[in-house]
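In: got a sequence here, can you build the structure:
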Amino acid sequence: MKKLFSLLFVAGALSIVSCGPSAEEQAKMEAEAKAKMDSLFNAASAAVSEVAPDSTATPDSAATH
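Out: Next comes the predicted model:
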């Protein structure tokens, strides 16, 4: 009988743990991921804008420089 209760307790504990994060924990993780992606996007776009050639330059003027 003691083994049965131990088994049921372990199974119950595992089922509670396996339910995953709550809705507010999941929303917090999504907000953190969005903020991280936004910062990475801003850094990448800043790096690209520094490297990108001047869009107002004509092909002739770019070749002579």
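In: could you check the pLDDT of the residue sitting nearest the centre point of the chain?
Out: When the chain is reduced to its mean C-alpha position, the nearest residue by C-alpha atoms, centre = their mean turns out to be residue 33, at 3.4 Å. Note on residue 33: pLDDT of 96.
In: distance of it relative to residue 45?
Out: Residue 33 sits 18 Å away from residue 45, going by C-beta to C-beta, to the nearest Å. The way it works is simple: take the backbone N, C-alpha and C, and place the C-beta from them, glycine included.
In: repeat for residue 11
Out: Counting by C-beta to C-beta - residue 11 and residue 45 are separated by 51 Å.
In: where does pLDDT dip in this protein?
Out: Along the chain, the parts satisfying pLDDT under 70 run over 52-65.
In: can you show me the helices along it?
Out: Along the chain, counting by DSSP state H, helices occupy 2-17, 23-51, 59-64.
In: and the gap between residue 32 and residue 17?
Out: Taking C-beta to C-beta, one finds residue 32 at 22 Å from residue 17.
In: also residue 41?
Out: Between residue 41 and residue 17 the computed distance is 35 Å (C-beta to C-beta).
In: how about residue 34?
Out: From residue 34 to residue 17 the distance is 27 Å (C-beta to C-beta).
In: could you do residue 10 as well?
Out: 11 Å.
In: ok, residue 37 next?
Out: For residue 37, the distance to residue 17 - C-beta to C-beta - is 29 Å.
In: and residue 42, by the same measure?
Out: 37 Å.
In: again, but for residue 50
Out: 48 Å.
In: cool, and residue 29?
Out: Per C-beta to C-beta, residue 29 is found 17 Å from residue 17.
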